Structures are given as C-alpha cells and as structure tokens.
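**Student:** quick one: sequence plus predicted model below, questions after.
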Amino acid sequence: MGVKENLQKIKSTLPEHVTLVAVSKTHPAEKVIEAYEAGQRIFGENKVQEMVDKYEQLPKDIQWHLIGHLQTNKVKYIVPFVAMIHSVDSEKLLNEINKRASKLNRRIDCLLEIHIAREESKFGMSFEQAQEIFDQKIYQQFPFVNIRGFMGMATFTDDKEQVRSEFRSLKEFFDHIKNNYMKDKEDFNVLSMGMSGDYKIAIEEGSNMVRIGTAIFGPRNYDIN
C-alpha cells in the first residue's frame, strides 16, 4: 500500500479527539507531499536540519513538530516556524526557547518530555524534575513558551503490560498537574504518547496525540544525509 492508503487506514483507527503527527523523519519530501495531498497537515521530524530543509521545500501551511532530542544550540533554526516542540527535557532548554522566541515575538507551544521508559537511552525529565517546574512556577519565567502538556516514550518491548503501565503513569501525572496547577489553563491539554507499534495502547491509556511514521511511510531510510 502507498502512503495515502496507509494514512487513511491509520486515521480510520483513531478516535476523533486524537491528533495524528505523521513522522516523516528520514523520508524524502516527495513522500511528505503524498501525505499532504491526502489531507495530512501535521508532520514530525527528529532532526533540526532535516526539518529546516523540508520546511523550505514544502507548503507553508504544514505544521512542523520537532519530536527528537533538541540541543540548545539548534533552537534558533526552528523557532521562526516550528508549531510544537515535543522534546523539552530541561529548564536550560526552556530558557533558550524563550530567549529565541522573544526576539521574534512568537510564543511557542511546547511539551515537557518525561522519561517513563526503563531504557536509559531515552531522553526526558524525571517526574520529580517536572514537578519542580510547576511547584516553583518556573514556567512563569518563560512568557514565550506555552507548555501544552507532556510527551513520553514507552520502553521498546513486547511486554504490553509494561508499555501500558508506563503510559498510565504519565497520564496520571498529567491529570495531577492539570488538576492542581493548570486547571484554569484550557490549552494545557496535550498528552503525546504512542508510535506505530504501541499507539493503540497509548490511546487506551489517555493519549490524545500520536506520532506515527513507519506505519504511514514504511521503513525508515537511514541513508539520508
């Protein structure tokens, strides 16, 4: 099946309240256009340079989401156009996004990435570090950053109950923060969990934004520069 058929198949499995981020990392602009022509407008990229290149080539009504690890020295390249940054994993990064965004008078939607997997290789804050940002109202120091919710990646394992419990832990934390700190902030409403292999479990556990690449575009092309 082609990109259009894959996209339609995935969309048919998503409840109405779930936003699909089509993860186009390592796939060429031509494949993004196939999905675009099939109606998709939100695309996710892992690497800053690849996202900048595609932004320059592709239609300007695409909403670009940066979902991969973001280094502070790369923030300046995406601030002019990025729609959402999923992978904010430190106060230092919040500060840099705020600084760069202030120069353009842009308020940038961000998610705090929380480390929920048992794998050490995954990035993200601990629950305790994230809690501190709300306890100490650190987020209020960054008026050009709009914290919309959380992102998390489950362990890459066949143990579905482990995956489920990791997603559930993040949903419980989201609810805790929403009810105790962000009750009056209507747009603190995004929980980005779930990829091609586990998005159905993620949705069952409360995700309302899924990041799907392989199931739409096919296996990744790691030869891309």
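**Tutor:** Yep, that arrived. All values reported here derive from a predicted model rather than from experimental measurement.
**Student:** which stretch of helix or strand covers the residue most central in space within the chain?
**Tutor:** In the chain, the centroid-proximal residue (CA atoms, centre = their mean) is His86; its distance is 3.4 Å. Here His86 sits within strand 84-88, counting by DSSP states H and E.
**Student:** before we move on, the earlier item: what about the residue nearest to the centre of the chain, distance to Gln49?
**Tutor:** 17 Å (CB to CB, to the nearest Å). From N, CA and C alone the C-beta is placed, and that goes for glycine too.
**Student:** next one: Trp64
**Tutor:** Trp64 is 13 Å from Gln49, by CB to CB.
**Student:** more neighbours: which of the two?
**Tutor:** Trp64 (22 against 12; other CB atoms under 10 Å).
**Student:** confirm that one sits in a helix?
**Tutor:** No: read with DSSP: H, G, I helix; E, B strand; the rest coil, Trp64 is strand and lies in no helix.
**Student:** bridged to it, which residues?
**Tutor:** Phe43 (DSSP bridges).
**Student:** same check on Met209?
**Tutor:** In beta-bridge terms (that is, DSSP bridges), Met209 pairs with Thr19, Ser192.
**Student:** ok, it touching Val190?
**Tutor:** Yes: using CB atoms under 8 Å, Met209 is in contact with Val190, at 5.6 Å.
**Student:** now do the shared contacts for the two.
**Tutor:** In terms of CB atoms under 8 Å, 6 or more residues apart in numbering, Met209 and Val190 are both contacted by the residues Thr19.
**Student:** neighbour count winner among those two?
**Tutor:** Met209 (27 against 20).
**Student:** what about the strand or helix carrying Cys110, average pLDDT?
**Tutor:** Assigned by DSSP H and E, Cys110 belongs to strand 108-114. The average pLDDT within strand 108-114 is 98.
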